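Novice: Got a sequence here, can you build the structure:
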Amino acid sequence: MKIRNIKATPINLKLEAPYLWVFGELDGFSPTIVEVETEDGIIGLGECPTPAAAQIINDVLAPRLIGRDAFDLAGAEHVCLPYWTGVQSINDRTRIMAFGAVEMALWDIRGKAWNQPLYQLLGGAVRKEIPFTDYFSLRGDGPNVRGEGTPEEVADYCVRMHEEHGTTMFEGKFSTENPRTSLKMIELIRKKLGDDVMIRIDSNQAYSLATARQIARPLEELGIRNWEDPVPTIEDMRELRKHCSIPFSTHNLDIARAMELRVPDAIVGNPTPVGGIRRLLRFVGACEHAGIDFWCYSGDSGIGSSAYLQICAAIEWIREPNQSLFRMQPRDVVEGGPFQPKNNVVRVPEGPGLGVTLSKEMLAICHQDFIDNGPCNKYHDPCKPGTYRRLPLN
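Specialist: This next block holds a predicted model:
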C-alpha cells in the first residue's frame, strides 16, 4: 500500500476566551493537520502542535515519502530523519514534530486498512475510559462568553464544572505576577469543593526559586497533587525539592537529566515532540523504568487528542489523568468534536485507526482563520492599549 499524496494544513483553534498565564493572554492554538493518502484511497490523519510544520511536511518530507510503503514506519523515519542523533543535537524540534505528525497519520492508515482501533495495534486496551482533568484559569472575555477575571469567578467556574459534568479532577494556571492572586484562587476552589477534589497547578516556569520557596508551604497545606514547571530550570527544581514535598512535572523531555537530578516526578508530553507514536512508546517505557510518571498535555484538536486517547488505553504506565482544554474549545476539525469529559473520563474511540473523521468544512473554516488572522499563540500584553482587558493581579 503506497503513499500517493501528503497534505499539511495550518489552522487556528481559538479558545472561547483567552486565558491568563505568565506570558500575557493566550487566545488559542495553531496546529498543523496532516492528511496522508494511499493509492487505495485510505486517508490517515495526524497533527503537529505548530504551524511551522506545514511547510516542512509539504516541501521536505512529502517528496521523500510519496511512493513509499505506508506500512513501513521505520523506513519513513529513516528517509525523513536520516541522522536522528544529529537532529536531536541541533535541537531541530520542528522537523522532529513534523515527522511525528506524519507518522501518526501512518498509524491511522494501518488501523483503517486492518479495521482495528489504534489501541489494538499497540497490544490491546488496559482501560477504555481515559481520565482527564478539567482546566481552569483567570480568563478574559471571549466573543460569546464572559471570562473569569477574579479568583472568585474561577472558583465558581470549577463548582459549575463539578455540578454539570461531575468533575473532581482539576488543573489550572498558577502563574500570575503576584502569586497571592493564584494562591487565593486555589484556596477558594478548595474551600468550595472540599478536600476530595484533585487539584494540579501549572506555573510555566513563572517564579524564581526564592518566590517558589515562599509559596511552597501554603500550597502543600492546600493538598496540591502536582506542580508543573514551578521554576525556570530543572536545577532550580532540584533545589526547590529541598523545601517542597509536592510532586513536580515538566514538559522538558530530557529523561537522562531527570534521572540524574531525581526531579521531576512526571514528564508531560505527546507523540509528536518525541518523533511519533513508535518513539513515544519507548519513551514512556523509559519513564516506567525510571519510576517517572507520564501524562499528555492539552491544546490539540480531536486528531491529536484521539491519538493520546488510544495510547493511554494501551499503556498501563500512563496512570494519572491527562490535561484537558476540551471544555474551553468551542470548535474542532473532527466530526462530533471536541471531546467532552464526563465524571473525569473520556471513552476511547472505537473506530478504526484513531477512530475519528475529519470535517472538511471545519478544516476549511479553521484554515481560513489562520490565513486571515495569522497564528494564535500571540502573547497579548494586558498593559498595552488595544489588547485584552487587564486582569487583576492583587
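
Novice: Would you state the strands of the stretch 51-200 of the chain in chain order?
Specialist: Taking DSSP state E, counting those that start in this stretch as the test, the strands found in the stretch 51-200 of the chain are 129-131, 134-136, 169-173, 198-202.

Novice: wait, which of the ones you listed is closest to Ile56?
Specialist: Of all the strands of the stretch 51-200 of the chain, the one in closest proximity to Ile56, counting by Cβ to Cβ, is strand 198-202 (28.5 Å). All C-beta atoms are positioned from the backbone trio N, CA, C, and that covers glycine.

Novice: and Asp196, how far is that from Pro151?
Specialist: According to Cβ to Cβ, to the nearest Å, Asp196 and Pro151 sit 21 Å apart.

Novice: cool, Thr167 as well?
Specialist: Plainly put, Thr167 is 18 Å away from Pro151 if you go by Cβ to Cβ.

Novice: Neighbour count: the two, which is higher?
Specialist: Between Thr167 and Pro151, counted using other Cβ atoms under 10 Å, Thr167 has the larger neighbour count: 25 against 21.

Novice: Let me see the backbone angles for that one.
Specialist: With angles defined as degrees, to the nearest 10, Thr167 shows backbone torsions of phi -70, psi 130.

Novice: Before we move on, what's the pLDDT of it?
Specialist: On pLDDT, Thr167 comes in at 98.

Novice: Let me have the strands of the stretch 51-200 of the chain in CSV, adding mean neighbour count and distance to Gly111 as columns.
Specialist: Below are those laid out as CSV (neighbours: other Cβ atoms under 10 Å; distance: least, Cβ to Cβ, whole Å):
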stretch, mean neighbour count, distance to Gly111
strand 129-131, 20, 17
strand 134-136, 24, 29
strand 169-173, 24, 29
strand 198-202, 23, 31
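
Novice: Adding distance to Val333, write these out as JSON lines.
Specialist: What follows is the strands of the stretch 51-200 of the chain, written out as JSON lines (distance: least, Cβ to Cβ, whole Å):
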{"stretch": "strand 129-131", "distance to Val333": "20"}
{"stretch": "strand 134-136", "distance to Val333": "20"}
{"stretch": "strand 169-173", "distance to Val333": "24"}
{"stretch": "strand 198-202", "distance to Val333": "25"}
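
Novice: Minimum distance to Glu335: which of those strands has it?
Specialist: Short answer: strand 129-131, nearest of the strands of the stretch 51-200 of the chain by Cβ to Cβ, at 19.6 Å.

Novice: Excluding its own residues, what touches that closest one? List them.
Specialist: Here strand 129-131 makes contact (Cβ atoms under 8 Å, 6 or more residues apart in numbering) with Met169, Leu309, Cys312, Ala313, Glu320, Pro321, Asn322, Asn344, Val345, Val346, Arg347, Val348.

Novice: Can you turn the buried subset of these into a selection I can paste into ChimeraX?
Specialist: To isolate the buried subset of the contacts of strand 129-131 in ChimeraX, counting by 16 or more other Cβ atoms under 10 Å, use the following:
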select :169,309,312,313,320,321,322,344,345,346,348
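
Novice: Any stretches of the stretch 251-394 of the chain with poor pLDDT?
Specialist: Across the stretch 251-394 of the chain, the ranges flagged by pLDDT under 70 are 377-394.

Novice: And the helices in it, which stretches?
Specialist: With helices called from DSSP state H, counting those that start in this stretch, the stretch 251-394 of the chain shows them at 255-261, 277-290, 302-314, 360-373.

Novice: Can you tell me which of those is packed in deepest?
Specialist: Burial of these is given as mean neighbour count (mean count of other Cβ atoms under 10 Å); helix 302-314 ranks first at a mean of 27.

Novice: Taking helix 360-373 as reference, get the angle to that helix.
Specialist: 120 degrees (axes from the mean of the first three to the mean of the last three Cα atoms, to 10 degrees).
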